[in-house]
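[1] Mind folding the following:
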Amino acid sequence: MKKINRYFKNQKKSSGFTILELLIVIVIIGILVAITIVYFVGTTASAKDASVQSDIDTMDAIQTNFGANSNNMKNTTVVGRAYYSGNGYDATLGFKPSSGNIIDVVVNSTDYCIRGYNPSGTKNNIYYSFKKESTPGVCNILGPSSAAIADYHGSAIGGLAALTTPTIATGTTPQDITVSADGTSVYAVNSASNTISMYSRNTSTGALTALGTPTIATGAYPDDITISADGKSVYAVNYNSNTISMYSRDTGTGALTALGTPTIATGTAPDAVTISADGTSVYAANYSTSTISMYSRDTGTGALTALITPTIASTKPHAITISADGKSVYATNYTTNTISMYSRDTGTGALTALITPTIATGTSPYEITISADGYSVYVANYTSNTISMYSRDTGTGALTALGTPTIATASMSQGIAISADGFSVYVSNNGTNTISMYSRNTVTGALTALGTPTIATGAGSRGIAISADGSSAYVICYGPNNIYMYSRYLGH
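    Numbering: from 1, shown residues only. Here you go, the predicted structure:
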C-alpha cells in the first residue's frame, strides 16, 4: 500500500508546469516576438532606404540634365536647380518622390548637394540622411535648405528676439549698416556726424562693442556702406560730397584706415554702393544724375578706378545690389517705380542694360536685396507699404514678378535684407518702428509673414543687416541714434 501511495504522489508532482518553467517559456516567446519585430522593422527600414536612394539617383540625373539643357539653351553656366519636396511638385524638374520620402537639393554657382531620407528608414531626418553631391565634399559646404530645416524644427525659425542689452549707440543720424563676412565686425554710417561707427561683434551672442577708436571720418553725409567679401575693404558713399570714401580693414581688430587716396568721385548725390562677390567691381547709384558709376577694384590695395566708360544710365536710383554669381546688377528707381536691370561683364565689370531694361515695382521703391541662390529679388516699397517679389532667370538676369507679386508690410518700409540661408526676409518700417518678418519658400521665392509678424525697433528705423551665420540681425534707428540688436532663431 505504501508503494501505491508513493506512485500516485509522484504522478501528482509531475502533472503540470512550475512557475519557473512558465516564466522561461514566456521569456522565450518574448524573445522570438522581439526578433520577429526587429526583423520586420529592419526589413521595412531597408526597403525605405532603398526607395530613398533610388529617388536620389533619379534626382541626380535630373539635376545633370537640367544643367546641361540650361547651358545649351542660354549659353551660360547652370549647375542645377534648388528643390525641396516639402514645397510640393516642381514642374520645371518634373519630379515627385516616392511616398513618404523627403528629397532636398541645395545648389550654388558651381555645385549641388542632394539629401534624402524617410522618417521610417534608418536615416530618418534632414541631419541624418543619404547624400549625393556633384563634387566630392560639397555637401560639407552646402547645408540643408532652410525649408527642410524649418520643417524639422518648426515654423518659428527666423523669428527675431531683442538681445538682453538691446541697443548700442552710433553717431548722429545713422543711415546704413553692414556686417563683415567673418562676422567679427559691424559698421554704421552716420550722415549728420560724417563718420563710420566701428564695432566688434561677439560671434556667440551677437552683441556689439565699440572699438577703442569708435569712429572714422567720411565725406559729407555718408548714406550707404558696403564691405568686400574678403573683409579687407570698406566703402561708403557720401551724398553731399559726391564721393566714395575708401578704407582698408584690419581683419584682426576690425579697425578701418583711410587709403592714401581716401576718396574717388561719383555722380551727383550717390545714394547707395555695392561690391561684387569676386571683389573686382564696385558700383554707386547716383540719385541726382540718374546714373550708376562703375569702378574696378585693386584686390590687393582696395583702391578703386573708374571704368573707361564710367557710368550707365538709370532713373533716380536709390539702392543697388549685385547677384552672388556676379552676372547681374539691379537698381531701384525711386521716382519711376521701377528696377533697372543690367548684365555684368564678369571680366571687365562693365554693365549693359537688358533688352527689357526695367520692371515695375510698388510705389517709391527703397531698398533691394537678392537671395544667395540667385533665384529671388525683393524690393521694399516705401509709399505702397509692400514688398515686390520677383523670380530671376539665372541665365539672362531678367526678373519676373511672382504670380502674387507683392506682400504687405507695415508703414513706410525702407530697409530690406535676406538671410544667407535664404529662409528669412526682414523689412524695417520707419512709420511704425517695427521690423516685418517673413519666411521664404526656397523653391517659389514667395514670402509668408511669420506667426508673430513684427518686432519693435526704435524710431526712424532704416538700414538692416544680417550676419552671414544667420544668428544675428541689426537695424539702424536714426531717431535715438543707435543700433537695435537681435538674435535670430535657427531652430537649435
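
[2] Now do the contacts for the residue positioned nearest the centre of the chain.
    Most central in the chain under CA atoms, centre = their mean is Ala420, positioned 2.3 Å from the mean C-alpha point. With contact set as CB atoms under 8 Å, 6 or more residues apart in numbering, Ala420 has these partners: Ala372, Ile466, Ala468, Asp469, Gly470. Where you see a C-beta, it was placed from the backbone N, CA and C, and this is true even at glycine.

[3] shouldn't Val282 be in contact with Leu304?
    Yes. Proximity of Val282 to Leu304 meets the contact threshold set by CB atoms under 8 Å, at 5.6 Å.

[4] With neighbour numbers in mind, choose between the two.
    Val282 (27 against 23; other CB atoms under 10 Å).

[5] Identify the residues contacting Thr92.
    Phe66, Arg81.

[6] tell me the helices in the stretch 51-200 of the chain, going along the chain?
    Counting by DSSP state H, counting those that start in this stretch, the segments of the stretch 51-200 of the chain that form helices are 146-153.

[7] low pLDDT regions in it?
    For the stretch 51-200 of the chain, applying pLDDT under 70 flags the ranges 70-78, 146, 150, 153-156.

[8] Which stretches in it count as strands?
    For the stretch 51-200 of the chain, strands defined by DSSP state E, counting those that start in this stretch occupy the ranges 83-84, 102-107, 112-117, 130-133, 160-169, 174-179, 185-190, 195-201.

[9] angle of the last one against strand 185-190?
    What it means is strand 195-201. 160 degrees (axes from the mean of the first three to the mean of the last three CA atoms, to 10 degrees).

[10] that older thread, tell me the pLDDT at the residue nearest to the centre of the chain?
    We note a pLDDT of 89 for Ala420 in this prediction.

[11] what does the one 4 residues further on give?
    Reading off the confidence values, Ser424 has pLDDT 91.

[12] same deal with Tyr486?
    pLDDT, Tyr486: 96.

[13] Show me the contact partners of the strand or helix carrying it.
    Per DSSP states H and E: Tyr486 is located in strand 482-488. The contact list for strand 482-488 (CB under 8 Å, 6+ apart) reads 158-163, 165-170, 174, 177, 186, 188, 199, 205-208, 419, 424, 435, 455, 457-458, 461, 466, 470-477.

[14] again, only this time at 6 Å
    Strand 482-488 has contacts (CB atoms under 6 Å, 6 or more residues apart in numbering) with 160-163, 167-170, 206, 457-458, 471, 473-475, 477.

[15] now, which of those residues sits nearest Gly137?
    Ser471 (24.6 Å; CB to CB).

[16] what sits against the closest one?
    Residues near Ser471 by CB under 6 Å, 6+ apart: Gly206, Arg488.

[17] So for it, what's the pLDDT?
    For Ser471, pLDDT reads 90.

[18] Then the one 5 residues further on?
    Predicted confidence (pLDDT) at Ile476: the value is 95.

[19] what does Gly415 give?
    Value for Gly415, per-residue pLDDT: 92.

[20] Would you confirm that it contacts Ser461?
    No. Using CB atoms under 6 Å, Gly415 makes no contact with Ser461, being 7.1 Å away.

[21] Return every residue with contacts to both of these two.
    Joint contacts of Gly415 and Ser461 (CB under 6 Å, 6+ apart) are Ser428.

[22] one step back: which among the strands of the stretch 51-200 of the chain is found nearest to Asn385?
    strand 160-169 (19.8 Å).

[23] can you dump the C-alpha coordinates of the one helix or strand Tyr390 maps to into PDB?
    Assigned by DSSP H and E, Tyr390 belongs to strand 386-392. C-alpha atoms of strand 386-392 as PDB (Å, rounded to 0.1, in the frame of the first residue of the first chain):
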ATOM      1  CA  THR A 386       4.600  96.400 -49.700                       C
ATOM      2  CA  ILE A 387       7.400  94.100 -50.800                       C
ATOM      3  CA  SER A 388       7.600  93.400 -54.500                       C
ATOM      4  CA  MET A 389       8.700  89.800 -55.200                       C
ATOM      5  CA  TYR A 390      10.500  88.600 -58.300                       C
ATOM      6  CA  SER A 391      12.000  85.400 -59.700                       C
ATOM      7  CA  ARG A 392      15.300  85.800 -61.500                       C
END
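
[24] packing partners for that strand?
    strand 376-381, strand 399-408 (3 or more CB pairs under 6 Å, 6 or more residues apart in numbering; DSSP states H and E).

[25] Specify the angle between the longest one and strand 376-381 in degrees.
    So that's strand 399-408. Using the same axes, to 10 degrees, strand 399-408 lies at 50 degrees relative to strand 376-381.

[26] Off-centre distance for strand 399-408?
    Centroid displacement of strand 399-408 relative to its chain, using CA atoms, centre = their mean, to the nearest Å, is 19 Å.

[27] which neighbours does it have in its sheet, and in what orientation?
    According to DSSP bridges, strand 399-408 forms sheet pairs with strand 386-392 (antiparallel).

[28] For the partner strand, give the mean pLDDT please.
    Mean pLDDT, strand 386-392: 96.

[29] coming back round to it: I'd like to know which of the contacts of strand 482-488 is nearest to Gly267.
    Thr170 (27.0 Å).

[30] Most neighbours out of the contacts of Ala420, which is it?
    Ile466 (23 neighbours).

[31] List the residues that contact that one.
    Contacts of Ile466 by CB under 6 Å, 6+ apart are Ala417, Ser419, Ala473.

[32] Name the strands paired with the strand or helix carrying the first one and say parallel or antiparallel.
    Take DSSP H and E as the rule and Ala417 turns out to sit in strand 413-418. With DSSP bridges as the criterion, the sheet partners recorded for strand 413-418 are strand 424-429 (antiparallel).

[33] Next secondary structure after the strand it pairs with?
    Assignment by DSSP H and E places the next element after strand 424-429 at strand 434-440.

[34] send the alpha carbons of whichever helix or strand comes after that next one over as PDB?
    Remark: after strand 434-440, the chain's next helix or strand is strand 447-456, criterion DSSP H and E. The C-alpha trace of strand 447-456 is given here as PDB (Å, rounded to 0.1, in the frame of the first residue of the first chain):
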ATOM      1  CA  LEU A 447       7.100  85.200 -48.800                       C
ATOM      2  CA  THR A 448       4.800  84.500 -45.900                       C
ATOM      3  CA  ALA A 449       4.500  86.600 -42.700                       C
ATOM      4  CA  LEU A 450       5.600  84.800 -39.600                       C
ATOM      5  CA  GLY A 451       3.000  83.900 -36.900                       C
ATOM      6  CA  THR A 452       4.400  86.900 -34.900                       C
ATOM      7  CA  PRO A 453       4.700  89.200 -37.900                       C
ATOM      8  CA  THR A 454       6.700  92.100 -36.400                       C
ATOM      9  CA  ILE A 455       9.100  93.100 -33.700                       C
ATOM     10  CA  ALA A 456       9.700  96.600 -32.200                       C
END
